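*Asks:* what's the 3D shape of this:
(2 chains)
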Amino acid sequence: MKQTYYEVNKMTNMIVIAELSKGNIHPSTAELVTAAHAFGGEPTLVVPCSDASIADSVQSLSGVSKIIAVKSDVFGGNDSSGWASALDSAIPSGTIICLATTRSKDVAARLAARRNISVVQDVTAIDGTNLTSPIYSGKANQTVSVSGDAVISVRANVFDSTGNDGSSEISVVDASGDVKTAVQEIMQRASTRLDVSEANIVISGGRGMGSPANFAHLEAVADTIGAAVGASRAAVDTWDEIPHSMQVGQTGKTVNPNLYIAVGISGAIQHLAGMRSSKYIVAINKDADAAIFQHADYGIVATWEEALPVFQEALSGMLG
Amino acid sequence: MPTIVVLVKQVPDTNAKIVVQGDRVDLSSVKMVMSPYDEFAIETAIRHRDATDGTVTAVTVGGPSSEKILKDAKAIGVDNIVRVWDDSWSDLDSNALQSVLSETIQTLGATVVYCGKSAADTGAGSTGPGIAERLGWGNASNVIGAEFSGSIVASMPVETGVAKINIALPAVISCDKGDFKVRKPNVKGIMMAKKAKVELMSAAAPSSTISIASHSMPPAKPAGKTFEGGASASQVAQLLRDEANVL
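*Replies:* Residues are numbered from 1 along each chain as shown, chains lettered A, B, ... in the order given. Down below sits the predicted model:
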């Protein structure tokens, strides 16, 4: 039975939608090409853009059959209706793969709905037509079997990037989109610090930090190593000064940075669910029995008051 | 006077330990609750109703056991509760689920739909934008605050800060945790909810093309290294550079 699906699947068109980030093509687009090959074969790469010249930067990606640069004003904004309608008009039928970012997941859901097909989000593994995604914020994995066309969003940093020895032909298509929302104003964020969901290194504090003012010590370490600062739900719920936008965990943000440093965090299931897929985990906690140590690559049993200044000095010495 | 629908979903308690038996998640001993972001959707829907003199109907898709979260929604303050179901349904894929919800929303005559930004089980977040597309409506996701007049002005985080977005009705709003407290049920609400009648509805569901093949636990991590005392932090810093190569 599976073999039959596989054969059908081989006949589906594969389409990869390049990820846009600040007007340029996000490097994880090269991972999406690899994901497309794992599912069904060589994809057409669709580049949403306001200026088609950005497609030149992906012309050399290996394993791409052709590139369609879809040019529209809607891609300068964030309206998912505008994005989906403009892309839909330019994308042939088939299975569509995009990156699992906030905007692209919305666009994926809308594209699937336009075509009366299903969407599978946050995929972390592809085996033929079987797609695996984390569920319950990573407490378990779910594998689904796909028959027919679908829209698939794939997590970043999961698939290897395709090579760079291709030379695809680029065609440019003009498209218009059906925009349904309008930005009134943007209140600029005062802090220029990275968001936890974007950073390669995250340092988070829990209620063990004692007071919100003590998060300044985490910020000092973050400044040294270019990290974002996060928090546990206990810290967010306890202190009004710690906003929900910093919360890592099942009801906050799910992160998978290269390095996650948990300070004064006991390791509730809720929190583990949001950070357990981090590549390396460091835990600093005065309680040797804290659950977080079972998930840490490097555990330091000490109060943060003892450990953080030493940590900070060592890091400054190494990186300064 | 808008007719407001709020979509709610029953999920395992987010504090619950998840166990896989055979190749399926075993939820038999797990407490089931309303997905946490749905509480922010209900709060926003009730505020919208109170600002415009509309009505709020909470809708869930599920079997009889999912009526508990509808009663919870009623106790918090929604006006009507609707359960959508057909005994022939099992695991509806996104296409089937969104078709069912879109038809239900049209039958109810709603002009604005609130839902959580994602459900705490799959975390996919497809339902809000998906039904907006099917209905031909605008949508906003990750909304952390809203003001109501003829249209909705929704606040949502963007790369550079927080954007205020103007969305004409009809529209679908997916809610994140906002910077406001959600109301909790009071005694009177709980008593009223006990007596409240759950309206049953059904709708056409296209056959699913996506089916669950298996569940599994994430692979366990090998045991790490533990050090005693704050002074060891400098050793850990060196290991991060020389062994883990992450600095």
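
*Asks:* any chance you could map the helices in the chain?
*Replies:* Went with chain A since none was named. Along chain A, the segments classed as helices by DSSP state H run A:2-10, A:29-39, A:80-90, A:102-114, A:215-225, A:233-238, A:269-275, A:304-319.

*Asks:* wait, I meant chain B there
*Replies:* For chain B, applying DSSP H gives helices covering B:36-52, B:67-76, B:94-108, B:127-135, B:187-195, B:233-242.

*Asks:* re earlier: what's the closest of the helices of chain A to residue A:121?
*Replies:* Closest to residue A:121 of the helices of chain A, according to C-beta to C-beta: helix A:102-114, at 5.5 Å. To be clear about C-beta, it is placed using only N, CA and C from the backbone, and glycine gets the same treatment.

*Asks:* Need the residues that contact that closest one.
*Replies:* Outside helix A:102-114, the residues within contact range by C-beta atoms under 8 Å, 6 or more residues apart in numbering or on different chains are A:17, A:19, A:78, A:80-81, A:83-85, A:87-88, A:91, A:96, A:98, A:118-119, A:121-122, A:150-153, B:94-95, B:98, B:124-134, B:139, B:141-142.

*Asks:* now swap in stretch B:138-146 and tell me
*Replies:* Under the criterion C-beta under 8 Å, 6+ apart, residues A:79-81, A:102, A:106, A:180-181, B:44, B:47-48, B:117, B:125, B:128-129, B:132, B:152-157, B:162, B:165, B:167-168, B:170-180 lie in contact with stretch B:138-146.

*Asks:* which residues touch residue B:94?
*Replies:* Counted by C-beta under 8 Å, 6+ apart, residue B:94 has contacts A:109, A:112, A:118, A:119, A:120, B:124, B:126, B:127, B:130, B:210.

*Asks:* filter these to the buried ones?
*Replies:* The neighbour-count test (16 or more other C-beta atoms under 10 Å in any protein chain shown) marks A:109, A:112, A:118, A:119, A:120, B:124, B:126, B:127, B:130, B:210 as buried among the contacts of residue B:94.

*Asks:* isn't the fourth one right up against residue A:149?
*Replies:* Read it as residue A:119. No: the pair residue A:119 / residue A:149 is not scored as a contact, 10.8 Å apart, by C-beta atoms under 8 Å.

*Asks:* follow-up on the earlier one: can you tell me which of the buried ones among the contacts of residue B:94 is nearest residue B:148?
*Replies:* Distances from residue B:148 to these, taken by C-beta to C-beta, are shortest for residue B:127, at 22.0 Å.

*Asks:* how about the strands in the stretch 51-200 of chain A?
*Replies:* A:66-71, A:95-99, A:118-123, A:125-127, A:130-135, A:140-146, A:150-154, A:170-174, A:181-188 (DSSP state E, counting those that start in this stretch).

*Asks:* Can you check which of those gets nearest to residue A:265?
*Replies:* With C-beta to C-beta, the closest approach to residue A:265 among those belongs to strand A:130-135: 20.2 Å.

*Asks:* What mean pLDDT does the closest one get?
*Replies:* Averaging pLDDT along strand A:130-135 yields 96.

*Asks:* hey, C-alpha coordinates of it in PDB?
*Replies:* Extracted in PDB, the C-alpha atoms of strand A:130-135 (Å, rounded to 0.1, in the frame of the first residue of the first chain):
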ATOM      1  CA  ASN A 130       5.300  10.000   6.100                       C
ATOM      2  CA  LEU A 131       5.800  13.300   7.800                       C
ATOM      3  CA  THR A 132       6.800  13.700  11.400                       C
ATOM      4  CA  SER A 133       6.100  16.800  13.500                       C
ATOM      5  CA  PRO A 134       6.400  17.400  17.300                       C
ATOM      6  CA  ILE A 135       3.100  17.400  19.200                       C
END
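
*Asks:* between that strand and helix A:29-39, how many degrees?
*Replies:* Between strand A:130-135 and helix A:29-39, the angle comes out at 130 degrees (axes from the mean of the first three to the mean of the last three C-alpha atoms, to 10 degrees).

*Asks:* what about residue B:63, distance to residue B:194?
*Replies:* In this view, residue B:63 and residue B:194 are 20 Å apart by C-beta to C-beta, to the nearest Å.

*Asks:* Which residue, neighbours along the chain excluded, lies closest to the residue of the stretch 101-250 of chain A found nearest chain B?
*Replies:* Residue nearest to chain B within the stretch 101-250 of chain A: residue A:180 (3.0 Å; C-beta to the nearest C-beta). Closest residue to residue A:180 apart from its sequence neighbours, by C-beta to C-beta, 6 or more residues apart in numbering or on different chains: residue B:138 at 3.0 Å.

*Asks:* follow-up on the earlier one: how about JSON lines for the helices of chain B, with distance to residue A:126 and mean pLDDT added?
*Replies:* Below are these laid out as JSON lines (distance: least, C-beta to C-beta, whole Å; pLDDT from 0 to 100):
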{"stretch": "helix B:36-52", "distance to residue A:126": "28", "mean pLDDT": "97"}
{"stretch": "helix B:67-76", "distance to residue A:126": "34", "mean pLDDT": "98"}
{"stretch": "helix B:94-108", "distance to residue A:126": "18", "mean pLDDT": "98"}
{"stretch": "helix B:127-135", "distance to residue A:126": "22", "mean pLDDT": "98"}
{"stretch": "helix B:187-195", "distance to residue A:126": "45", "mean pLDDT": "95"}
{"stretch": "helix B:233-242", "distance to residue A:126": "31", "mean pLDDT": "96"}
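
*Asks:* Okay, now stretch A:54-71: how far is its last residue from its first?
*Replies:* 11 Å (C-alpha to C-alpha, to the nearest Å).

*Asks:* Just give me how far it sits from the chain centre.
*Replies:* Its chain's C-alpha centre lies 22 Å from the corresponding centre of stretch A:54-71 when counted by C-alpha atoms, centre = their mean, to the nearest Å.

*Asks:* can you check stretch B:103-115 too?
*Replies:* Averaging C-alpha positions (C-alpha atoms, centre = their mean) puts stretch B:103-115 16 Å from its chain's average.
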